[in-house]
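Novice: Pasted the sequence and its predicted model underneath.
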Amino acid sequence: MTQKNIYDATGLVIKDVLPAFDEPLHVGRPNIGDREAFLRRVDNILDRSWLTNNGPLVQEFEQRIAEHLGVRHCVAMCNGTIALEIAIRALGLEGEVIVPSWTFIATAHALYWQGITPVFADIDPSTHNLDPDAVRRMITPRTTGIIGVHLWGRPAPITALQAIADEYGLQLIFDAAHAFSCSHNSQSVGNFGRCEVLSFHATKMLNAFEGGAVVTNDDELAETMRLMRNFGFSGYDNVIHPGTNGKMPEINAAMGLTNLGSLPQFVKANRQNYHAYANAFAGINGINLIEYDPETTPNYQYVVVEVTPDFPASRDDVITALRNENILARKYFWPGCHRMKPYRDLFPHAGLLLPATVSVAEKVIVLPTGKTIADTDIEIVCNIIRLVATHKT
Ligand code: T4K
């Protein structure tokens, strides 16, 4: 580490007191498990010369994920976005589907890419998840489904959304890209709605370089998705369903299996980091670290703070100060899907119906965590934020 200056948003030097990072401190740094175990699996793949198309490691990965979540089926895919698309298609969704705008763009794209209109419903600002009352308000005769997102690993309002889906005859699925290994009332995420979609992207709780899966307790749905991810093939020379290429390669399953073996250490590191941030932020007025409901078990994969009006500087001032010190904090998922060009063009006035989304999007900062972050790193991040406050008051 070297000594670096602290700047405010205008580039003015605040102070030159803290050590700073020579290498950037990233949000989303992958957690990597036992390297030797991974390399042994790669050797085996090469020896077998079976690289993809439902290979033995993919089958083992599916079985281990299903066991871990206590769910009947895990259908592994090449990434979470294709997994979402296949789930949406297998359920026959069409017309309009209600989604939050406060999510990664893939949730909306997976619908729009298939000619379905994503209709954005507002969130509960205290949880960042869909507000069931807002969902009700967006239902029209064209609505066929709801996609709840367990944002930041906090389970969406599962019971309330299921009640709405039952009342209106809608399909309910969950985008659980952030929520691998999280639970709600002691039941693992993966067991809710018609199915749930996981992401094993490099930045996720469990990474397989890239990868995704749909998990479900519905035998027929699982079978349909298995066909769809492999062009609809049933055995050689026999296509019985429209399909695409959603297959997970063996190398990804090797990484996924390896990291699954280290998952408890990853969660432990995240949990310690979360509590270290919580302690450090306790004395900073206007920086609110999001908390988890006692009935949920989080994976702590995202450290999310809100910069509230009680803080003397803006969220963007804080981001700029951190970036000047090589800490690449993120504004995920600013400015909200509804303000991204494709959806802004579609619904120019959507923001009027999304006040909580608009407000939360202006406050959020996601901070670095994971196995590679030390307590001293967290102290420095928090001290920089403290200095921004001091400088602005
Ligand atoms: N639904 C939700 C709610 C999601 O969050 C996502 C994905 C999906 C669906 C779709 O699942 P996938 O199709 O992706 O499986 C990243 C990821 O690309 C994306 O997977 C993820 N959500 C999203 C939240 O974050 P970016 O645009 O932030 O990526 P990037 O390249 O800026 O990387 C993030 C940080 O991670 C950087 O600071 C550097 C670090 N990093 C990244 C990679 C890839 C590394 O240190 N090493 C790496 O290998 O989207």
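Specialist: Cool, got the structure.
Novice: I figured residue 311 hits residue 285, correct?
Specialist: Yes - between residue 311 and residue 285 there is a contact at 6.9 Å, judged by CB atoms under 8 Å. In this view, the C-beta of every residue, glycine as well, is placed from N, C-alpha and C.
Novice: list the residues that contact both of the two?
Specialist: By CB atoms under 8 Å, 6 or more residues apart in numbering, residue 311 and residue 285 have these common neighbours: residue 389.
Novice: More neighbours: those two, which one.
Specialist: residue 311 (23 against 11; other CB atoms under 10 Å).
Novice: Next, that one: secondary structure please.
Specialist: Following DSSP: H, G, I helix; E, B strand; the rest coil, we place residue 311 in the coil state.
Novice: what's it in contact with, if anything?
Specialist: 284-287, 318, 389.
Novice: Number of residues surrounding residue 167?
Specialist: 10.
Novice: Please, which helix or strand holds it?
Specialist: Assigned by DSSP states H and E, residue 167 belongs to helix 158-168.
Novice: helices or strands up against the next helix or strand after that helix?
Specialist: Next helix or strand after helix 158-168 toward the C-terminus (DSSP H and E): strand 171-175. Applying 3 or more CB pairs under 8 Å, 6 or more residues apart in numbering; DSSP states H and E, we find strand 171-175 packed against helix 80-90, strand 143-149, helix 158-168, strand 195-199.
Novice: Of the ones you listed, which stretch is the most buried?
Specialist: strand 195-199 (a mean of 30; mean count of other CB atoms under 10 Å).
Novice: quick one: contacts of that one?
Specialist: Residues from elsewhere that reach strand 195-199 (CB under 8 Å, 6+ apart): 65, 79-80, 83-84, 87, 91, 173-178, 180, 189-190, 211-216, 218, 221.
Novice: Of these, which are in range of the ligand?
Specialist: 79-80, 175, 177-178, 212 (CB under 6 Å from any ligand atom).
Novice: So the residue in the stretch 201-350 of the chain that the ligand sits nearest to, which state does it fall into?
Specialist: Closest residue of the stretch 201-350 of the chain to the ligand, CB to the nearest ligand atom: residue 201 (3.4 Å). When classified by three-state DSSP, residue 201 comes out as coil.
Novice: got a list of what it touches?
Specialist: Counted by CB under 8 Å, 6+ apart, residue 201 has contacts 79-80, 177, 207, 210-212.
Novice: Next up, the contacts around the closest residue to residue 124 other than its chain neighbours.
Specialist: Nearest residue to residue 124, sequence neighbours excluded (CB to CB, 6 or more residues apart in numbering): residue 131, at 4.4 Å. By CB under 8 Å, 6+ apart, the contact list for residue 131 reads 121-124, 157, 356.
Novice: Would you check how far apart the residue of the stretch 201-350 of the chain closest to the ligand and residue 261 are?
Specialist: 19 Å (CB to CB, to the nearest Å).
Novice: and what of residue 62?
Specialist: Plainly put, residue 62 is 16 Å away from residue 261 if you go by CB to CB.
Novice: Among these two, which residue is more densely surrounded?
Specialist: Applying other CB under 10 Å to residue 62 and residue 261 shows that residue 62 carries more neighbours, namely 21 against 13.
Novice: Now that one: which helix or strand?
Specialist: Assigned by DSSP H and E, residue 62 falls within helix 56-69.
Novice: how about that helix: buried residues?
Specialist: Across helix 56-69, burial judged by 16 or more other CB atoms under 10 Å covers 57-58, 60-62, 64-66, 68-69.
Novice: Just confirm residue 215 is within a strand.
Specialist: Yes - applying three-state DSSP, one finds residue 215 inside a strand.
Novice: contacting residues around it?
Specialist: 65-66, 69, 71, 73-75, 176, 190, 195-198.
Novice: mind checking the SS state of the residue of the chain positioned farthest from its centre?
Specialist: The C-alpha centroid of the chain is most remote from residue 237, which lies 37.7 Å away (CA atoms, centre = their mean). Under three-state DSSP, residue 237 falls in the coil class.
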